[in-house]
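**Q** structure here, sequence nowhere to be found:
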């Protein structure tokens, strides 16, 4: 029986024009607000048009007021005049960008590979590297984003000293998988508040053969503060979130760590870097490494 038009899933498409220099940040911001995917088209004269796809219940009735407020907060107020919300019946959005997702190396020991390229990987590309197979499923964390790459680099540097690892906001699960592949004997706990990425992460854990080594909780740090292992600290924490989220979680992180615990903080806009430095200092977290790009900053810190 054919599917009725009324039974097809409805998507909300949010479109706006912005400076091309801000496209990376804007795409990430849409994903943080619940978008399932983003598409960028050039508009000329240094402008691009961004299309973000949301499930219908994320923008009920096409109400984008919450999105507008966040865009204004992150310096995208110029784009609000071009903001449009439309609706579209379900299509295979993932298939449209699969063409551009190819295997790539990160650091000295990792290789990120889309699942559909598994059988075509060359021995030369895999040599000396652990391969992270990812089926993104429209969850944040393909490895392309500089904040994800910073955290994968931090995993490579710190994992040999870790026994218990906490990955907060795991998304596709890529960071937890990287940790599991680089150190076989550690315990890893992943947290994610969104049910859809939780499903994607579990599938990716299975693809990489590490499902039995990663405990995934749907929720945030409160899941651990009241659980049976609440008293057992983590010695490596991955926190690829916004400055606001990172800062808000620091008090909980102090309860979940001990002196000597390493922290990788990413997702921090460059203009919020000083605020993040100040927040870390208040909690006796000493920055041991910084990576600052055109728009994003990553910090490797240690509790003293």
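**A** Cool, the structure landed. Just so we're clear, the structure is a prediction, and the values are computed from it rather than from any experiment. Residues are numbered from 1 along each chain as shown.

**Q** C-alpha from now on. contacts and neighbour counts both.
**A** Will do.

**Q** quick check: closest non-adjacent residue to residue 17.
**A** Closest residue to residue 17 apart from its sequence neighbours, by C-alpha to C-alpha, 6 or more residues apart in numbering: residue 49 at 4.4 Å.

**Q** how about residues contacting the helix or strand where the one you found lies?
**A** Per DSSP states H and E: residue 49 is located in strand 47-55. Contact partners of strand 47-55, identified using C-alpha atoms under 8 Å, 6 or more residues apart in numbering, comprise 10-20, 23, 27, 30, 34-43.

**Q** could you look up the SS state of residue 144?
**A** coil (DSSP: H, G, I helix; E, B strand; the rest coil).

**Q** separation between it and residue 150?
**A** To residue 150, residue 144 is 10 Å away according to C-alpha to C-alpha, to the nearest Å.

**Q** the more surrounded of these two?
**A** Higher neighbour count among residue 144 and residue 150: residue 150, with 25 against 14, using other C-alpha atoms under 10 Å.

**Q** doesn't the more buried one belong to a helix?
**A** Yes. Residue 150 sits within a helix when classified using three-state DSSP.

**Q** ok, it to residue 290 distance?
**A** Residue 150 is 10 Å from residue 290, by C-alpha to C-alpha.

**Q** list residues touching both of these two?
**A** residue 298.

**Q** picking that back up, among the contacts of strand 47-55, which lie within strands?
**A** Here DSSP state E is the test, and the contacts of strand 47-55 give 10-19, 37-43 as lying in strands.

**Q** out of those residues, which end up buried?
**A** Buried members of the ones in strands among the contacts of strand 47-55, scored by 16 or more other C-alpha atoms under 10 Å, are 10-19, 37-38, 40.

**Q** just the pLDDT at residue 230, thanks.
**A** Looking at residue 230, its pLDDT is 62.

**Q** and the residue nearest to residue 193 when sequence neighbours are not counted, how many neighbours?
**A** Distances taken as C-alpha to C-alpha, 6+ apart put residue 219 closest to residue 193, at 4.3 Å, once the chain neighbours are dropped. Counted by other C-alpha under 10 Å, the residues lying close to residue 219 total 17.

**Q** phi, psi of residue 219?
**A** Main-chain torsions, residue 219, degrees, to the nearest 10: phi 150, psi -170.

**Q** surely it and residue 191 touch.
**A** Yes. Under the criterion of C-alpha atoms under 8 Å, residue 219 makes contact with residue 191 at 6.0 Å.

**Q** mind checking how far residue 297 is from residue 202?
**A** Counting by C-alpha to C-alpha - residue 297 and residue 202 are separated by 28 Å.

**Q** more neighbours: the two, which one.
**A** Per other C-alpha under 10 Å, whichever of residue 297 and residue 202 has more neighbours is residue 297, with 23 against 17.

**Q** ok so residue 167 is a strand residue?
**A** Yes. Counting by three-state DSSP, residue 167 falls inside a strand.

**Q** is it in a bridge, and if so with what?
**A** residue 190, residue 238 (DSSP bridges).

**Q** picking up where we left off before, which of the buried ones among the ones in strands among the contacts of strand 47-55 sits closest to residue 113?
**A** residue 37 (18.8 Å; C-alpha to C-alpha).

**Q** name the spans of this structure whose pLDDT lies under the cut-off.
**A** 1-9, 89-100, 136-143, 227-231 (pLDDT under 70).

**Q** the same query, at a cut-off of 50, please.
**A** 1-6 (pLDDT under 50).

**Q** from residue 51, how far off is the closest residue to residue 77 other than its chain neighbours?
**A** Residue nearest to residue 77 in three dimensions, not counting chain neighbours: residue 71, with 6.2 Å by C-alpha to C-alpha, 6+ apart. In this view, residue 71 and residue 51 are 14 Å apart by C-alpha to C-alpha.
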